[in-house]
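**Student:** heads up, no residue letters with this:
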């Protein structure tokens, strides 16, 4: 388990403090990065993972990457915010391995961490708070250049602060039982690297040296969902990322990530996202 986390990479996108009002009102947001908020005054609401979170002062909030969410502020509130990419190993996510809390009490140290991160990463605030602006590829592309311009000490400190803040959300009481499941850890890498291939239950079970029934039961126990559902979710996540970061056609992307039945995929996408891929792309790419 610890060995997996040694490969954890965190890349800062934005950090800032802002005063928001009723214009902070967005529905059906999905971003390829993680968000952290520390509320300093006022209140607002965030909806994700089938829950409504009341954003209260002196609390911190986590919104994982690729999480469908909505935001609403009736009057005013102020917040520190951080957005960052996280990756564990070969394109995997820490959310594959650990359960997280989404709301925790903030300490003075936490607020100091936000302030310090902001001070060593000036001019990294959001210019436009509409997700349709900051979720698009041209805007996201600039973050990497800014990270490479940091001094070595500021780069390491930035990485450490984000790790420190994110670690506080790990739910120690609900962590996955990872004992003796090294094969299952490896199969997540295998799935990530082979999404474009036909990933049958037999192929995955063979990769773990298990019977199909044993593999399916073990996977459900450790990760909370069936292998086929996990694969569908990962394919959809990758499809959304490629949709807003490349010029490939919808059909090309679907084939690249393993959705061979294009007609079925279009129906599946509309059911999950509530709109067509073309509509989603138009909303998330600004020319």
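**Tutor:** That came through, no problem. Predicted model, so just to flag it, every value in this text is computed and none were measured. Numbers count the residues shown, from 1 in each chain.
**Student:** those strands in the stretch 51-200 of the chain, which residues are they?
**Tutor:** 51-55, 59-63, 69-72, 77-88, 103-105 (DSSP state E, counting those that start in this stretch).
**Student:** Adjacent strands (with direction) for the third one?
**Tutor:** For strand 69-72, the paired strands and their directions (DSSP bridges) are strand 25-29 (antiparallel), strand 44-48 (antiparallel).
**Student:** what's the most buried one of those strands?
**Tutor:** strand 44-48 (a mean of 20; mean count of other Cβ atoms under 10 Å). The way it works is simple: take the backbone N, C-alpha and C, and place the C-beta from them, glycine included.
**Student:** what's near enough to touch residue 268?
**Tutor:** Applying Cβ atoms under 8 Å, 6 or more residues apart in numbering, we find residue 268 in contact with 232, 259.
**Student:** Report the mean confidence score over the helix or strand containing it.
**Tutor:** Here residue 268 sits within helix 262-273, counting by DSSP states H and E. Here helix 262-273 scores 91 as its mean pLDDT.
**Student:** orientation of it relative to strand 25-29 in degrees?
**Tutor:** 150 degrees (axes from the mean of the first three to the mean of the last three Cα atoms, to 10 degrees).
**Student:** Quick check: buried residues in helix 262-273?
**Tutor:** Neighbour-count burial for helix 262-273, with 16 or more other Cβ atoms under 10 Å as criterion, is recorded at 265, 266, 268, 269, 273.
**Student:** how close does the second one sit to residue 258?
**Tutor:** The one in question is residue 266. Remark: distance between residue 266 and residue 258 (Cβ to Cβ, to the nearest Å) = 15 Å.
**Student:** residue ranges for the helices of the stretch 151-287 of the chain, please.
**Tutor:** 152-167, 182-193, 201-207, 212-223, 227-245, 250-256, 262-273, 277-284 (DSSP state H, counting those that start in this stretch).
**Student:** Make TSV from those and add distance to residue 101 to it.
**Tutor:** Listed next are the helices of the stretch 151-287 of the chain as TSV, based on distance: least, Cβ to Cβ, whole Å:
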stretch	distance to residue 101
helix 152-167	11
helix 182-193	22
helix 201-207	30
helix 212-223	18
helix 227-245	21
helix 250-256	34
helix 262-273	25
helix 277-284	29
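**Student:** Could you identify which of those has the lowest mean pLDDT?
**Tutor:** For those, mean pLDDT drops lowest on helix 182-193, to a mean of 76.
**Student:** which strands and helices sit next to it?
**Tutor:** Counting contacts by 3 or more Cβ pairs under 8 Å, 6 or more residues apart in numbering; DSSP states H and E, helix 182-193 packs against helix 201-207, helix 212-223, helix 227-245.
**Student:** Mind doing that once more with 6 Å?
**Tutor:** Counting contacts by 3 or more Cβ pairs under 6 Å, 6 or more residues apart in numbering; DSSP states H and E, helix 182-193 packs against helix 201-207.
**Student:** Tell me which residues of the helix it packs on come out buried.
**Tutor:** In helix 201-207, counting by 16+ other Cβ under 10 Å, buried: 201, 204, 205, 207.
**Student:** returning to that earlier point: tell me the angle the helix holding residue 268 makes with helix 227-245.
**Tutor:** Going by the same axes, to 10 degrees, helix 262-273 makes 90 degrees with helix 227-245.
**Student:** What angle do helix 277-284 and helix 262-273 make with each other?
**Tutor:** Going by the same axes, to 10 degrees, helix 262-273 makes 50 degrees with helix 277-284.
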